[in-house]
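Student: Need coordinates for the following:
(one chain, ligands or ions: 1)
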Amino acid sequence: MLDLLLRGARLPGAAQPVEVGIRDGLIAAPEPEAREVIDLRGSLLTPALVEPHIHLDAVLTVGEPRQNQTGSLFEGIAIWGERVKSLTVEDVKRRVRTVLRWQLANGVQHVRSHVDVCDPELRAMRALTELREEVGDQMHLQLVAFPQQGIHSFEDGEELMRKAVALGADVVGGIPHFEISREYGERSVKFTMALAAEHGLRVDIHCDETDDDHSRFVEVMAAETIRLGLQGRVTASHTTAMHSYNNAYAYRVINNIKRAEMNMVTNPLDNSVLQGRFDSYPIRRGHTRVKELLAAGINTCIGHDSVMDPWYPLGYGDPLQAAFVLAHYGQMSGAGELPALIEMITANPARALGVENYGLEVGNRADLVAYTAPTEMDAIRLVAPRRLVLRAGRVVARTEPAATTVIWDGKEEPVTFLKP
Ligand SMILES: [Zn+2]
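Tutor: Prediction:
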């Protein structure tokens, strides 16, 4: 006997709805006998959404202590410098508790958060490690020791990174393009990767997040990944400078990223508003080469980055919104490209984070999301609400689909926004 039978579930790429069984929190083959039956009425069903790149310590601080009038990265950094003075462990926890609930309602069950460690008291890291305990198995939190102001360009930077690892960081970060010199940048990548290798941790570096085509730290990451044998455990985030590399250099670096089996995270929401700010017309899109990375078979993921902070005032923690923006901004509106966007917020980041027992196959954990849309294309087009979110086979979030009507020729009729 099954615990739960999901009827009318449309799996990615499938034309016809199927049944999905759940027993003891795991996906099971469908059987006629079940304690509970839920009819999904043709809803798309995917595994849990995975957020590979967010800054939880900064969420919901927009407007504090003042608004970012230009919307630029640099005004954002200045405002954050003021806000961080009033940061407390309880302040971080309060804001993060809210956003974790938003994420779960959106179907996100695995979250990798960068946490700023350029603070002698490591307030944000202490808050997040305590919160990771508090949250327990309700969501899976992975924390990155992230040196927002650099490792060698910030007082005691190396020591703070080591302390953050001792506090319980799961991943070691970096920001080489922000270090004072090219040499510091290279040294910071080597420091980060050696620290990760020493402690058996993963690596996720903010790398080349600039429009400067001379920012080339991702090649150092690839070389160090191979040298230290960290294949599959290293992620480069942003890499927006790749947009501006000449094609011959981009070809070489993409080949070496592939060889190093690195994971890549692109953040279309933040980078669409922050890049190209020094350009006069034409203004570069300032975005990494997503299509080329995917074509080379490199594991490429979409991150949300910010939720209502000094750098990005919008967002509600929904990866589908980021996928919608990448469909436009990355010109990924082709018929085969839209389903790839769903993989970039599910299976691909699951691989980057090293999530186990993940996916729709029998025997995996029943961490599932049903959308108020039948296909991947409709889910992206409508940024469709999540009808149902299941964690280990239990309903943990639900949204009642909105009932929209129009008055047409004097009569009220329903509107579904679906192609008849
Ligand atoms: Zn970031």
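Student: Break the chain into its domains for me.
Tutor: Listed by automatic domain parsing, the domain ranges of the chain are 2-46+359-404, 49-353.
Student: Where does pLDDT dip in the stretch 151-300 of the chain?
Tutor: Nowhere does the stretch 151-300 of the chain drop to pLDDT under 70.
Student: ok so, going back, which among the domains of the chain is found nearest to residue 413?
Tutor: Shortest separation from residue 413 across these is recorded for domain 2-46+359-404, at 10.1 Å, computed as C-beta to C-beta. Heads up, the C-betas are built off the backbone N, CA and C, glycines and all.
Student: mean confidence score for the closest one?
Tutor: What domain 2-46+359-404 shows for mean pLDDT is 97.
Student: What are the phi and psi values at residue 291?
Tutor: The phi/psi pair for residue 291 (degrees, to the nearest 10) reads phi -60, psi -40.
Student: Surely it touches residue 332?
Tutor: Yes - the pair residue 291 and residue 332 passes the contact test of C-beta atoms under 8 Å, sitting 7.1 Å apart.
Student: Save the domains of the chain as a markdown table, and put in distance to residue 420 too.
Tutor: Output for the domains of the chain, formatted as a markdown table (distance: least, C-beta to C-beta, whole Å):
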| stretch | distance to residue 420 |
| --- | --- |
| domain 2-46+359-404 | 12 |
| domain 49-353 | 20 |
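Student: So which of those is the most surrounded?
Tutor: Per residue and on average, the most neighbours among these fall to domain 49-353, with a mean of 20 (mean count of other C-beta atoms under 10 Å).
Student: which helices and strands sit right next to the helix or strand hosting residue 111?
Tutor: According to DSSP states H and E, residue 111 maps onto strand 108-116. Helices and strands touching strand 108-116, by 3 or more C-beta pairs under 8 Å, 6 or more residues apart in numbering; DSSP states H and E, are strand 49-54, helix 123-135, strand 140-146, strand 202-207, helix 347-353.
Student: Just the angle for that strand relative to strand 202-207, thanks.
Tutor: Strand 108-116 runs at 60 degrees relative to strand 202-207, counting by axes from the mean of the first three to the mean of the last three C-alpha atoms, to 10 degrees.
Student: and the residue nearest to residue 391 when sequence neighbours are not counted, how far is that from residue 342?
Tutor: With C-beta to C-beta, 6 or more residues apart in numbering as the criterion, residue 391 has its nearest non-adjacent residue at 5.4 Å, and that residue is residue 367. Shown here: residue 367 relative to residue 342, a distance of 15 Å by C-beta to C-beta, to the nearest Å.
Student: cool, and residue 200?
Tutor: Using C-beta to C-beta, we find residue 200 at a distance of 32 Å from residue 342.
Student: you'd agree residue 242 is up against residue 250?
Tutor: Yes - counting by C-beta under 8 Å, residue 242 touches residue 250, with 5.9 Å between them.
Student: Now do the shared contacts for the two.
Tutor: Shared contacts of residue 242 and residue 250, defined by C-beta atoms under 8 Å, 6 or more residues apart in numbering, are found at residue 289.
Student: what kind of secondary structure is residue 249 in?
Tutor: Under DSSP: H, G, I helix; E, B strand; the rest coil, the three-state class of residue 249 is helix.
Student: can you pull the contacts of the nearest residue to residue 384 once chain neighbours are set aside?
Tutor: Once flanking residues are discounted, residue 384 sits nearest to residue 373: 3.7 Å by C-beta to C-beta, 6+ apart. Residues in contact with residue 373, defined by C-beta under 8 Å, 6+ apart, are 43, 44, 379, 381, 382, 384, 418.
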